[in-house]
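[1] pasting the structure only:
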């Protein structure tokens with residue numbers, strides 16, 4: 001019974017329950033502390049779902065990476081909150097024209113912000129697999145050897161800043177309101193938990209549209225070219241348009257298939273991962289694959 005609830009109810013709970021609560025609170029002008037409080041609650045639900053219905057039971061156990069992942073998540077979530085808090089200042093200095101559709105109901109405003117942010121973040125993610133300096137930073141995220149919710153928050157802070165800037169800057173330029181930005185920040189965190197979740201949930205045909213874990217596991221395959229697919233954060237719309245969508249319903253994933261084939265000895269410590277992009281060993285080289293030429297993973 002519990003497994004069935006998780007299999008079919010986890011994603012609706014997170015998308016409609018947690019995100020819906022965040023949007024309702026933001027629309028009502030509630031204290032931003034309530035939105036911040038939703039994040040640990042969402043993380044707790046993510047861990048609970050993964051233990052109730054794991055895709056791979058071993059991925060629920062630390063492989064010496066627990067403390068590092070907590071550090072990545074704590075730093076990156078703090079930076080996300082700081083960036084949201086800075087939006088009023090940015091709006092005062094960066095906004096070119098106040099074109100934001102403030103007359104719309106609040107929910108469509110948030111959905112519009114999600115779609116615009118999704119495009120900017122997806123294209124930056126795509127570029128990060130083709131431009132050396134970006135791949136150096138993004139490689140931290142691809143060093144994972146197990147696939148679970150916290151992986152979504154495991155990023156080099158500079159790469160997160162680049163991705164979020166690409167997603168949010170176009171919105172701020174046209175006058176993104178702070179309350180909409182606050183709701184957007186929660187949906188990003190929830191999406192990262194869902195996208196990397198070890199919970200064996202199902203969403204039916206929506207897996208071809210929404211960027212969730214069934215599709216995103218293909219993105220973490222360790223071989224260059226093979227894993228350069230499914231870049232979307234919220235949706236796979238842009239991957240269908242870019243020709244980078246990939247899905248095989250018969251494929252099963254193990255830790256041996258994750259990570260970076262070209263860098264099996266990538267640093268595993270938090271501080272070492274922060275420094276690696278700036279070392280000679282953090283460099284990349286072009287590798288020809290059967291389908292494309294790209295930076296080797």
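    Received the coordinates, thanks. Every value quoted in this text rests on a predicted model; they were computed, and no experiment measured them. Numbers count the residues shown, from 1 in each chain.
[2] where does the stretch 101-250 of the chain have low pLDDT?
    The model of the stretch 101-250 of the chain has no residue with pLDDT under 70.
[3] skipping its backbone neighbours, what lies nearest the residue nearest to the spatial centre of the chain in space?
    Nearest to the mean C-alpha position of the chain, by Cα atoms, centre = their mean, lies residue 192 at 3.7 Å. Nearest non-adjacent residue to residue 192, counting by Cβ to Cβ, 6 or more residues apart in numbering: residue 152, 2.9 Å away. Quick note: C-beta positions are derived from backbone N, CA and C, even for glycine.
[4] do the same with residue 183
    residue 26 is the one closest to residue 183 (Cβ to Cβ, 6+ apart), at 4.0 Å.
[5] which SSE is the one you found in?
    Residue 26 belongs to helix 19-27 when assigned by DSSP states H and E.
[6] so where do the strands sit in this protein?
    Counting by DSSP state E, one finds strands in the chain at the ranges 286-288, 293-295.
[7] which of the residues in stretch 40-54 are buried?
    42, 43, 45, 46, 47, 49, 50, 53, 54 (16 or more other Cβ atoms under 10 Å).
[8] could you give the average pLDDT over it?
    Across stretch 40-54, the average pLDDT comes to 95.
[9] need the contact list for the residue nearest to the centre of the chain.
    Shown in contact with residue 192 (Cβ atoms under 8 Å, 6 or more residues apart in numbering): 149, 152, 153, 233.
[10] mind giving me the packing neighbours of the helix holding residue 26?
    Helices and strands touching helix 19-27, by 3 or more Cβ pairs under 8 Å, 6 or more residues apart in numbering; DSSP states H and E, are helix 32-52, helix 106-128, helix 178-195.
[11] can you list contacts of the first one?
    Outside of helix 32-52, the residues that reach it under the criterion Cβ under 8 Å, 6+ apart are 2-3, 6, 10, 13-14, 18, 21-22, 25-26, 59-60, 73, 77, 81, 84-85, 148-150, 182-183, 185-186, 189-190, 193-194, 197-199, 201.
[12] are any of these buried, and which?
    6, 10, 13-14, 18, 21-22, 25-26, 59, 73, 77, 81, 84, 148-150, 182-183, 185-186, 189-190, 193-194, 197-199, 201.
[13] so residue 198 sits right up against residue 60, yeah?
    Yes: between residue 198 and residue 60 there is a contact under Cβ atoms under 8 Å: 6.2 Å.
[14] on that earlier part again, need the contacts of residue 192 in CSV (columns: distance to residue 116).
    CSV is the format used below for these (distance: Cβ to Cβ, whole Å):
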residue, distance to residue 116
149, 25
152, 20
153, 22
233, 12
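[15] so which of these is the most crowded?
    Within these, neighbour counts (other Cβ atoms under 10 Å) peak at residue 152, which reaches 27 neighbours.
[16] show me what contacts it?
    With contact taken as Cβ under 8 Å, 6+ apart, residue 152 is in contact with 191, 192, 193, 195, 196.
[17] same question, residue 189
    When contacts are counted by Cβ under 8 Å, 6+ apart, residue 189 touches 39, 42, 77, 80, 153.
[18] please name the residues that touch the fourth one.
    Yep, that's residue 80 we're talking about. 160, 164, 185, 188, 189.
[19] how much space separates the last one from residue 19?
    What that stands for is residue 189. For residue 189, the distance to residue 19 equals 10 Å [Cβ to Cβ, to the nearest Å].
[20] cool, and the first one?
    When Cβ to Cβ is applied, the distance between residue 160 and residue 19 equals 20 Å.
[21] do the second one as well
    As defined by Cβ to Cβ, residue 164 lies at a distance of 18 Å from residue 19.
[22] picking up where we left off before, from the contacts of residue 192, which is closest to residue 121?
    Nearest to residue 121 among those, counting by Cβ to Cβ, is residue 233 at 4.7 Å.
[23] just give the nearest non-adjacent residue to the closest one, would you?
    The shortest distance from residue 233 to any non-neighbouring residue, by Cβ to Cβ, 6+ apart, is to residue 121 (4.7 Å).
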